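Peer 1: Got a predicted structure plus its sequence, pasted below:
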Amino acid sequence: MKATILKKSGLVLLSAATLFAHNAYSATDIEAGKQLFEKSCADCHSITSNDNITLAQRLKEKAPTLYYAGNKFNREWLQSWLAAPTRLRPGGHFFMDNVKVTEDGDIIDESKLGKHMAVSAKQAQQLTGYLMAQTPKSALIQQESITLGKTNRTLGEKDFHKFKGCGSCHQDEDGYGGVSGPELYTSVKRLQPEFIASYTKMPEKWDPKTLMPNRHLNDNSVKKLLNYLNVISQ
């Protein structure tokens with residue numbers, strides 16, 4: 001009888017621990033994160049639906065939308081990054097605003113690139129709690145089933161640059177590749193693999209006015225890309 005009671009108590013504790021793991025942020029933290037977002041982030045980042053955004057509005061954006069942040073980012077990475085942000089887009093949010101013409105060709109004028117503000121560890125926790133609660137695209141995420149694997153780095157690099165053309169916009173190592181999109185050598189650390197797969201296959205489902213082209217890649221082709229991103233993110 002005593003053993004049964006202890007066993008049941010253990011199950012209760014385990015269930016409570018599991019519940020806590022899935023609710024790492026309290027309602028108080030999430031509300032504080034919302035207030036902090038509205039005060040310090042909303043001037044640059046939108047958090048409302050972008051379904052009806054016009055191209056003109058899209059080009060005037062100062063920073064990426066966070067409308068579906070909870071479907072996009074890895075929670076641990078986001079919280080860490082908010083406290084110590086690094087540049088993810090070598091050319092800024094819209095690179096054409098930051099191009100400088102030189103005799104040697106067009107380059108990014110880094111003096112125009114601002115630094116993302118850093119917040120305290122507590123504020124990072126609060127903001128992450130609020131942002132990870134933004135999950136309007138969960139139906140798209142649920143369509144994906146991803147198990148990250150490995151691939152030959154040389155073949156993956158050739159596929160990335162030569163066959164898929166990703167390197168014209170994205171860097172797969174620091175300083176190597178395009179500057180109009182976010183770098184991808186840390187993508188698996190910061191992004192949910194299901195988001196990468198879904199966004200790669202159907203970018204317009206996430207952002208109707210995205211500059212990311214739909215190359216109509218099949219599942220196997222996306223899997224090869226993900227495995228390469230996994231290798232270079234190690």
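Peer 2: Yes, it's here. Residues are numbered from 1 along each chain as shown.
Peer 1: buried set for stretch 91-108?
Peer 2: When burial is assessed from 16 or more other C-beta atoms under 10 Å, stretch 91-108 yields the following buried residues: 91-95, 98-99, 108. Glycine gets a C-beta too; all of them are placed from N, C-alpha and C.
Peer 1: So for it, mean pLDDT?
Peer 2: The average pLDDT within stretch 91-108 is 86.
Peer 1: Can you check what pLDDT the model gives the nearest residue to S40 once chain neighbours are set aside?
Peer 2: Among residues not flanking S40 along the chain, M117 sits closest, at 6.9 Å (C-beta to C-beta, 6 or more residues apart in numbering). In this model, M117 is scored at 95, pLDDT.
Peer 1: Assign a three-state SS to M117, would you?
Peer 2: Secondary structure, DSSP: H, G, I helix; E, B strand; the rest coil: M117 is coil.
Peer 1: What separation do you get for it and W77?
Peer 2: 17 Å (C-beta to C-beta, to the nearest Å).
Peer 1: check contacts around L229.
Peer 2: 172, 184, 187-188, 196 (C-beta atoms under 8 Å, 6 or more residues apart in numbering).
Peer 1: Out of those residues, flag the one nearest to I141.
Peer 2: I141 has its nearest neighbour among those in I196, at 10.7 Å by C-beta to C-beta.
Peer 1: For the helix or strand hosting the closest one, name the packing helices and strands.
Peer 2: Here I196 sits within helix 193-201, counting by DSSP states H and E. For helix 193-201, the elements it packs on are helix 138-141, helix 203-206, helix 219-232, judged by 3 or more C-beta pairs under 8 Å, 6 or more residues apart in numbering; DSSP states H and E.
Peer 1: all strands for this protein, in order.
Peer 2: 99-102, 105-108, 171-173, 176-177 (DSSP state E).
Peer 1: And the helices and strands packed on helix 193-201: which comes nearest E61?
Peer 2: Using C-beta to C-beta, the nearest of these to E61 is helix 203-206, at 14.4 Å.
Peer 1: and the closest one, which residues are buried?
Peer 2: Quick answer for helix 203-206 (16+ other C-beta under 10 Å): 203, 206.
Peer 1: Need the pLDDT of K205.
Peer 2: 95.
Peer 1: ok, it to K223 distance?
Peer 2: 19 Å.
Peer 1: where in the chain is pLDDT low?
Peer 2: 1-23 (pLDDT under 70).
Peer 1: Helices of that one, start to end?
Peer 2: 2-22, 27-40, 55-60, 69-72, 75-83, 121-132, 138-141, 153-158, 187-190, 193-201, 203-206, 219-232 (DSSP state H).
Peer 1: Of the ones you listed, flag the one that's most buried.
Peer 2: Of all the helices of the chain, helix 69-72 carries the top mean neighbour count, a mean of 24, counting by mean count of other C-beta atoms under 10 Å.
Peer 1: Many thanks, have a good one.
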